[in-house]
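A.B. asks: Structure for the following, please:
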Amino acid sequence: MKNTKNFIRSTIGKKVLVATSGLLFCLFLLFHLANNLVIFTGSENFNFLVSSLESIKPLIRILEVTLLFVLITHVTNTVYLTYKTKKSEVITSNKKNENRHSSLSSRTMFFSGSILFIFIVTHLSTFWYNFQIIDDHSLYYQIVTDSQLGFGNIFITLLYLVAMIFLGLHIKHGFSSALITLGVSNTTLGKIINKIGFLFWFIVPTGFFTIAFWFGILNGGS
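C.D. replies: Residues are numbered from 1 along each chain as shown. Below is the predicted model:
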């Protein structure tokens, strides 16, 4: 138990926590996108899907609490590692040159995380909150596609579009960092994981982006 606590408190332990929590959140996003894509099949199917989740609300609540714990773990350890890196970092000409040639996803990691935090707060205070308080199950589709709480509001739409771009950059760098942390970046396993990562950093954000663009910008194609 003591060794476990010491490992978690170490820098490598916190990096493992960030990588693990990030992967768990990616799996949630994949599942969430699969559900959300039903919205393209029309209001009846989407309303039925969301309504059906009401029958397993206790399970949903457990999953939401678990997801919140995963998110807090990811954010707090990321902030700690970023702070520690900035505090101990010695700026040299070589370091400046290295930063100049670092990837866009790497340079925007902390900023993208901040944008995603704002996005999550907005998402919870609009879609999620209003889904919890309405009694009319026929309104879910309208809330998402046509109301000022959803993609009927151009500012919310733009936030979703920007957030999905940064989500892709954030996950892309996250996968690269995780492979290095786990020491498998140059192995066959690492190459396989890197290819699977394409699903999470490109396909998933693109799916969410498409939903926001279709209903918020193109007004559902009308």
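
A.B. asks: Would you mind stating the distance between the most centrally placed residue in the chain and G216?
C.D. replies: The residue lying closest to the centre of the chain (CA atoms, centre = their mean) is L167, at 5.9 Å. According to CB to CB, to the nearest Å, L167 and G216 sit 16 Å apart. For every residue, glycine as well, the C-beta is placed using N, CA and C.

A.B. asks: cool, and W128?
C.D. replies: If you go by CB to CB, the gap between W128 and G216 works out to 18 Å.

A.B. asks: L53 now?
C.D. replies: Distance from L53 to G216, by CB to CB: 23 Å.

A.B. asks: looking at the protein, which helix or strand is least sure?
C.D. replies: helix 93-100 (a mean of 49; mean pLDDT, DSSP states H and E).

A.B. asks: returning to that earlier point: how is the residue nearest to the centre of the chain classified with respect to secondary structure?
C.D. replies: The three-state assignment at L167 reads helix, by DSSP: H, G, I helix; E, B strand; the rest coil.

A.B. asks: Give me the distance between it and L29.
C.D. replies: For L167 relative to L29 (CB to CB), the value is 8 Å.

A.B. asks: between these two, what contacts are shared?
C.D. replies: V204, F208 (CB atoms under 8 Å, 6 or more residues apart in numbering).

A.B. asks: can you give me the offset of the longest helix seen in the chain from its chain's centre?
C.D. replies: Ranked by residue count, the top helix of the chain under DSSP state H comes out as helix 57-88. Centroid separation between helix 57-88 and its chain, computed with CA atoms, centre = their mean, to the nearest Å, is 12 Å.

A.B. asks: Now do that helix: which elements does it pack against?
C.D. replies: On a contact count with 3 or more CB pairs under 8 Å, 6 or more residues apart in numbering; DSSP states H and E, helix 57-88 meets helix 11-36, helix 109-123.

A.B. asks: Mean neighbour count and distance to N194 added to the ones you listed, as JSON lines?
C.D. replies: Shown next, in JSON lines, are the helices and strands packed on helix 57-88 (neighbours: other CB atoms under 10 Å; distance: least, CB to CB, whole Å):
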{"stretch": "helix 11-36", "mean neighbour count": "17", "distance to N194": "13"}
{"stretch": "helix 109-123", "mean neighbour count": "15", "distance to N194": "17"}
